[in-house]
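Task: produce atomic coordinates for the following.
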Amino acid sequence: MKRIFLGLVLMFLAHSLAGGETLQPPVPTDPGASLDILPPPLDLDQLTPVTLPSAPGAAPSAAGLTPQAAAVLKSLDDAQPTPTNVPEKPQAAAPTSTPLALAATPTPEAAEKPAVSPAASLGAFADYFPTAKGTKWSYEYLKPAPGEEAKKTRIVESLVQEPAAGGGLNALFKITEGDKSSQEKYFLSADKIARLAMDDQALTDDFVFQFPAKGAVVRWMSGGNYFKASFGSAQVYQKTYPDCVIVTEKTKSATVIFYYGKAIGLVAVEVYGKGMKLDQTKSIALVQGPA
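Purely as a prediction, here's the structure:
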């Protein structure tokens, strides 16, 4: 009987060794280590690639991820350190525009520079026909008019000097003779001057003069009269003006010569009648100015 029982036990053990599962030894642990069981290592081949969002700071979408990959991403998010209340480093204030009060204060160098006149754009040409506002010229007729004892005076004052539309310069003058006064408006361009109006009467192609080249003569017609201009000198009341633009106008009954001195303006007007005889009652000469 004992032999039969022993044979059955040996047969059972042989069967277990031949077809049963192989026993795995336990995982050795460090006696001082934590007893928490670690999760199995992550198989990277099982992860689905994650498409990062284009906007910085935005969380990646979990759509299309395997549960395992989603769990990994969540664990990474949970592992982010909580920000502490660290005071931010103060940033330098953005530069602001200079206050108007400071911007309007001229520097010593700027204060020494005079304001640029609108006539400066006309170059040297404007020197022979000054138009600065407030400038005055005083003239005197060479001889009293018939029936008068005293010689008349003529006062010219610049009232307005302003840039003209499209370029050039507009100027308005007041002319006073005795108790009578009138106004004349002029337009100055780079090479000529035209009188636009006398009081309320508009004028067309009334050229005072065209600016000649040095050593040359320029000619033109205006209002049926012939004109020419050139450079020369003028002698007025025994005073010589060496640098002048001399404009000669020929009409049917007279020849009129205008002398424009550099940096002065009109210095004299001579009116010649028949036989080129000077008519002193119509001719004027500068006695004071510009002022």
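
Look at the nearest residue to residue 279 once chain neighbours are set aside and say how many residues are nearby.
Distances taken as CB to CB, 6 or more residues apart in numbering place residue 271 nearest to residue 279, at 4.7 Å, with adjacent residues excluded. Heads up, the C-betas are built off the backbone N, CA and C, glycines and all. If you count neighbours by other CB atoms under 10 Å, residue 271 ends up with 18.

Residues in a beta bridge with residue 271, which ones?
residue 256 (DSSP bridges).

Let me know whether it touches residue 278 as I believe.
Yes. If you go by CB atoms under 8 Å, residue 271 and residue 278 touch, sitting 7.3 Å apart.

now this structure, which segments are flagged as low pLDDT?
Scanning the chain with the threshold set as pLDDT under 70 gives 1-121, 123.

the strands in it, which residues?
Using DSSP state E, the strands of the chain run over 136-141, 153-163, 169-177, 180-188, 192-198, 201-202, 207-210, 218-222, 225-236, 239-250, 255-261, 265-272, 284-288.

Using CSV, please lay out those strands together with distance to residue 128.
Formatted as CSV, the entries for those read as follows, by distance: least, CB to CB, whole Å:
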stretch, distance to residue 128
strand 136-141, 13
strand 153-163, 14
strand 169-177, 13
strand 180-188, 10
strand 192-198, 9
strand 201-202, 25
strand 207-210, 8
strand 218-222, 13
strand 225-236, 10
strand 239-250, 5
strand 255-261, 4
strand 265-272, 7
strand 284-288, 13
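
and residue 125, which of those strands is closest to it?
strand 180-188 (7.8 Å; CB to CB).

Stretch 158-171: end-to-end distance?
Using CA to CA, to the nearest Å, one end of stretch 158-171 lies 7 Å from the other.

hmm, who's touching it?
Under the criterion CB atoms under 8 Å, 6 or more residues apart in numbering, residues 117-119, 121-122, 126, 130-136, 172-174, 183, 185-190, 196 lie in contact with stretch 158-171.

swap in stretch 190-206?
122-123, 125, 129, 167-168, 170, 182-187, 207-211, 222-223.

thinking again about what came up before, quick one, which of the strands of the chain gets closest to residue 147.
Of the strands of the chain, nearest to residue 147 by CB to CB is strand 136-141, at 13.6 Å.

packing partners for that closest one?
The helices and strands touching strand 136-141, judged by 3 or more CB pairs under 8 Å, 6 or more residues apart in numbering; DSSP states H and E, are strand 153-163, strand 265-272, strand 284-288.

Residue 158 versus residue 225, what's the distance?
26 Å (CB to CB, to the nearest Å).

hang on, I meant residue 270
Residue 270 is 23 Å from residue 158, by CB to CB.

Ok, residue 257 next?
Applying CB to CB to residue 257 and residue 158 gives a distance of 23 Å.

neighbour count winner among these two?
Neighbour totals were compared for residue 257 and residue 158, and residue 158 leads with 20 against 17 (other CB under 10 Å).

mind listing what the residue nearest to residue 279 touches?
Neighbours of residue 271 in contact, by CB under 8 Å, 6+ apart: 254-256, 278-279, 282-283.

at 6 Å instead, please
Residues near residue 271 by CB atoms under 6 Å, 6 or more residues apart in numbering: 254, 256, 279, 282-283.

show me the contacts for residue 175.
156, 182.

try 8 Å
By CB under 8 Å, 6+ apart, the neighbours of residue 175 are 154-156, 181-184.

how about these, which pair is most distant?
Maximum distance among the contacts of residue 175 (CB to CB): 14.0 Å, for 154 and 183.

beta partners for the spatially closest residue to residue 208 that is not a sequence neighbour?
Of all residues not flanking residue 208 in the chain, residue 193 sits nearest, at 4.2 Å (CB to CB, 6+ apart). Following DSSP bridges, residue 193 is listed with bridge partners residue 188, residue 209.

ok, residue 193 to residue 153 distance?
24 Å.

okay, those two: which has more neighbours?
Neighbour tally, residue 193 and residue 153, criterion other CB under 10 Å: the higher count belongs to residue 193, 25 against 15.

What's the local residue count around the nearest residue to residue 181 once chain neighbours are set aside?
Nearest non-adjacent residue to residue 181, counting by CB to CB, 6+ apart: residue 174, 6.1 Å away. The local packing of residue 174 (other CB under 10 Å) involves 15 other residues.

Show the contacting residues for residue 174.
156-157, 159, 181-183.
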